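Trainee: here's a sequence, model it:
(one chain, ligands or ions: 1)
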Amino acid sequence: MIDFSELVTVRRHLHQIPELGFEEFKTQQFLLDYISKLPQEHLAIKTWKTGILVKVNGSDPEKTFGYRADIDGLPIEEETGYEFSSNHKGKMHACGHDFHMTIALGLVTHFSKNPGKENVLFIFQPAEEGPGGALPMLESEEFNEWRPDVIVGLHIAPEYPVGTIATKEGLLFANTSELFIDLKGRGGHAAYPHQANDMVVAASHFVTQLQSIVSRNVDPLDSAVITVGKIEGGTKQNIIAETARIEGTIRTLSSVSMNKVKKRLEAILDGVKTGFECEAALDYGANYYQVFNDSALTKEFMEFAEMQPEVSIVNCKEAMTGEDFGYFLKEIPGFMFWLGVHSKSGLHSSRLMPDENALQTAVNLLKNYFTWKINE
Ligand SMILES: CC(=O)N[C@@H](CCC[C@H](N)C(=O)O)C(=O)O
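Mentor: Take a look at the predicted model:
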């Protein structure tokens, strides 16, 4: 029996210690401590950077079924008002990874006491929000020694009620590319603009021109997003800015569109360089491969979930969110699904407040699904 009040306590503890990608030291320690208290007879445990792999050995294994949970938080100052708000100033679990980890712990707890014929691998992966832990983990010796034959992941969905599971066959999440641009010109006195070269104005022109890519270069029947989430420039109100930094993200539903968007972006940036006589350094940061669900496994899972009394299934549309889980799915058959957690505020909001009852829905559903698959 899984004790759900204990899982709520676990989630609240994890919520208090959010850490950024590849800095998840306290999180890793907490997870290891928790796992070390479970019956060890069927467990094998390895660490990889700040991540963890936990294998529940089956009795006569021919296959390994994997469940992946991401473990990093975001650089957001929490405003939920929770008693158990983040203890780490300026950092928050605002994308539900505290839920994803807790669900994994609930499942490890169950399978450590109830192993099946096949192996189950629990993957606690760092740095999903950036710079991306999935690809280096997938390429690591540690992972490949226990490489699963099937892999499953979930993501909380604030827009769906508790009890709803949403997914689809094929493309679920977009291709993503981060975007970092550093502009450098000549600064100067606010009263002598003709002697300077204002990077605040240059950055503003660039961001405005970017808007024409989605509206004028991408096929209207295709989809793309370019979001600039941060601009920094200048030093003081009466000094013309010598530098400006633009940070954003690009999302597309195909890699062809991603290349097209990047080509247009580079052409616009060249224009800004010429027009403003400035330098520009462009860096695409982390790029994530689309999340593409295996058709047969997804269909089977949806039919299975439909039969669970506490679950209702939605066949959803694809979303422009990104997930480095896409790299696992590129090489290993599997699927990802949305878990309804009903929160008025959405993902990446400082007020995200997912309903903890969804922990029970997810653990029960995946416990039943994996139990079926490992004993088939
Ligand atoms: C589910 C979700 O919100 N994922 C993130 C992934 C971030 C990818 C990367 N750091 C980027 O910003 O492009 C998302 O923002 O969709």
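Trainee: which stretches of the protein form helices?
Mentor: Assigned helices in the chain, in chain order: 4-16, 25-36, 97-113, 134-138, 141-145, 199-216, 255-276, 295-306, 325-331, 357-375 (criterion: DSSP state H).
Trainee: so of those, which one's packed in deepest?
Mentor: Mean neighbour count (mean count of other Cβ atoms under 10 Å) peaks for helix 97-113 among those, with a mean of 24. Every C-beta, even on glycine, is put in place using the N, C-alpha and C of the backbone.
Trainee: off-centre distance for that one?
Mentor: Centre-to-centre, helix 97-113 and its host chain are 18 Å apart (Cα atoms, centre = their mean, to the nearest Å).
Trainee: that one near the ligand at all?
Mentor: No: using Cβ under 6 Å from any ligand atom, we find that helix 97-113 stays clear of the ligand, coming within 9.6 Å at best.
Trainee: ok, now which ones touch residue 346?
Mentor: By Cβ atoms under 8 Å, 6 or more residues apart in numbering, the contact set of residue 346 is 158, 159, 352.
Trainee: are any of those residues buried, and which?
Mentor: Those of these that meet the buried threshold are 158, 352, by 16 or more other Cβ atoms under 10 Å.
Trainee: coming back round to it: can you add mean pLDDT and give the helices of the chain back as JSON lines?
Mentor: Shown next, in JSON lines, are these (pLDDT from 0 to 100):
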{"stretch": "helix 4-16", "mean pLDDT": "97"}
{"stretch": "helix 25-36", "mean pLDDT": "98"}
{"stretch": "helix 97-113", "mean pLDDT": "98"}
{"stretch": "helix 134-138", "mean pLDDT": "98"}
{"stretch": "helix 141-145", "mean pLDDT": "98"}
{"stretch": "helix 199-216", "mean pLDDT": "97"}
{"stretch": "helix 255-276", "mean pLDDT": "97"}
{"stretch": "helix 295-306", "mean pLDDT": "98"}
{"stretch": "helix 325-331", "mean pLDDT": "98"}
{"stretch": "helix 357-375", "mean pLDDT": "98"}
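Trainee: from the contacts of residue 346, pick the one nearest residue 199.
Mentor: Taking Cβ to Cβ as the measure, residue 199 lies nearest residue 352 of the contacts of residue 346, at 34.0 Å.
Trainee: quick one on the thing from earlier: and of the contacts of residue 346, the nearest to residue 142?
Mentor: Out of these, the member with the shortest distance to residue 142 (by Cβ to Cβ) is residue 352, at 31.7 Å.
Trainee: I'd say the closest one and residue 343 touch.
Mentor: Yes: if you go by Cβ atoms under 8 Å, residue 352 and residue 343 touch, sitting 5.4 Å apart.
Trainee: what touches both of these two?
Mentor: In contact with both residue 352 and residue 343: residue 158, using Cβ under 8 Å, 6+ apart.
Trainee: residue contacts, residue 114?
Mentor: Contact analysis of residue 114 by Cβ under 8 Å, 6+ apart lists residue 371.
Trainee: likewise for residue 230?
Mentor: Contacts for residue 230 (Cβ under 8 Å, 6+ apart) come out as 245, 246, 247, 248.
Trainee: dig out what the first one forms beta bridges with.
Mentor: Taking DSSP bridges, one obtains residue 182, residue 232 as the residues bridged to residue 245.
Trainee: separation between it and the ligand?
Mentor: Plainly put, residue 245 is 15 Å away from the ligand if you go by Cβ to the nearest ligand atom, to the nearest Å.
Trainee: can you get me a residue count around that residue?
Mentor: Residues near residue 245, counting by other Cβ atoms under 10 Å, number 16.
Trainee: near the ligand at all, stretch 275-283?
Mentor: No: Stretch 275-283 stays clear of the ligand (Cβ under 6 Å from any ligand atom), getting no nearer than 12.5 Å.
Trainee: I meant stretch 217-224, not that one.
Mentor: No: Stretch 217-224 does not reach the ligand (Cβ under 6 Å from any ligand atom); its nearest approach is 12.9 Å.
Trainee: and that stretch, average pLDDT?
Mentor: For stretch 217-224, the mean pLDDT works out to 93.
Trainee: endpoints of that stretch, how far apart?
Mentor: End-to-end distance for stretch 217-224: 10 Å, by Cα to Cα, to the nearest Å.
Trainee: show me how far it is from its chain's centre.
Mentor: Centroid displacement of stretch 217-224 relative to its chain, using Cα atoms, centre = their mean, is 24 Å.
Trainee: what parts of the stretch 151-300 of the chain come near the ligand?
Mentor: 155, 176, 178, 249, 286, 288.
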